[in-house]
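Colleague: generate coordinates for the sequence data below:
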Amino acid sequence: MRMAKRHRKPAARARRDPSLTACSADELYARSPHAIAILMGWFFLRHLNSLYHKFNGDILSALVLGEIAHHNICHYFSSGRAKQAVESVDFSSEQARARLQPCNPFSLSAATGIPRETCRRKVRALEKQGLVERHPSGGYVIPSGIGKRFGDTNRKTLSDLLELIRELESIAERNTPGPSVAGRRA
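Modeller: Presented below is the predicted three-dimensional model:
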């Protein structure tokens, strides 16, 4: 046992993993705040612009629809079954559809800060467009197959997200502090 302890490197001198997953958001941001701010701005503005066009300039409807979808499936994530839900739940099946958690304009208003009457108008408009439907127990849920309507938007956002990840990984690898930098930071 002594031998194993003697051959261990001290924590401060251990080689750091330069990968993106090995550092916290604070560490990565401290390494290159300006580059990260620009990259994040690029990603979010492209995504918001894409949603703006997809919803014909009505960004609030995009937010309300996203909140409805999130509310419908959030119980999978809060119960620790997110991976199972993503990998194995067929959201088009009647069984999975019955487990969707419906929401109403009041809960949407509480979640988003958008006035309740505005939420009501947006939900009615989304229902007319076939983007939400009434649940048998009351409230609203996303309809089966809604993902197909957003396939192009999702693929573009995924492409941009992967590009952002590659850029962040590059920052993490380029700007990995050595032992002397880490020692000075404390």
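Colleague: alpha carbons only for contacts and neighbour counts from here, please
Modeller: Fine.
Colleague: residues of the top helix by length along the chain that come out buried?
Modeller: Using DSSP state H to define each element, the chain has its longest helix at helix 151-174. By 16 or more other C-alpha atoms under 10 Å, the buried positions in helix 151-174 come out as 153, 157, 160, 161, 164, 167, 168, 169, 171, 172.
Colleague: distance to residue 77 and pLDDT added to the residues you listed, as JSON lines?
Modeller: Converted to JSON lines, those look like this (distance: C-alpha to C-alpha, whole Å; pLDDT from 0 to 100):
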{"residue": "153", "distance to residue 77": "23", "pLDDT": "94"}
{"residue": "157", "distance to residue 77": "22", "pLDDT": "96"}
{"residue": "160", "distance to residue 77": "24", "pLDDT": "97"}
{"residue": "161", "distance to residue 77": "21", "pLDDT": "96"}
{"residue": "164", "distance to residue 77": "25", "pLDDT": "96"}
{"residue": "167", "distance to residue 77": "28", "pLDDT": "94"}
{"residue": "168", "distance to residue 77": "26", "pLDDT": "93"}
{"residue": "169", "distance to residue 77": "27", "pLDDT": "91"}
{"residue": "171", "distance to residue 77": "30", "pLDDT": "89"}
{"residue": "172", "distance to residue 77": "29", "pLDDT": "87"}
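Colleague: gap between the longest helix of the chain and the chain center?
Modeller: Centre-to-centre, helix 151-174 and its host chain are 13 Å apart (C-alpha atoms, centre = their mean, to the nearest Å).
Colleague: same list, the buried residues of helix 151-174, but as TSV with distance to residue 144 please.
Modeller: Below are the buried residues of helix 151-174 laid out as TSV (distance: C-alpha to C-alpha, whole Å):
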residue	distance to residue 144
153	18
157	21
160	26
161	26
164	31
167	35
168	35
169	36
171	40
172	40
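Colleague: what's the farthest-apart pair in the residues you listed?
Modeller: Pairwise distances across those peak at 28.3 Å for 153 and 172 (criterion: C-alpha to C-alpha).
Colleague: low-confidence ranges, this structure, go.
Modeller: Applying pLDDT under 70 to the chain flags residues 1-19, 78-91, 175-186.
Colleague: quick one: the strands in it?
Modeller: With strands called from DSSP state E, the chain shows them at 133-134, 140-141.
Colleague: how far does stretch 33-48 sit from the chain's center?
Modeller: On C-alpha atoms, centre = their mean, the centre of stretch 33-48 falls 15 Å from that of its chain.
Colleague: for that stretch, buried residues please.
Modeller: Neighbour-count burial for stretch 33-48 flags 36, 39, 43, 47 (criterion: 16+ other C-alpha under 10 Å).
Colleague: test my guess that the third one contacts residue 162.
Modeller: Right, residue 43. No. With contact defined as C-alpha atoms under 8 Å, residue 43 does not count as touching residue 162 (10.2 Å).
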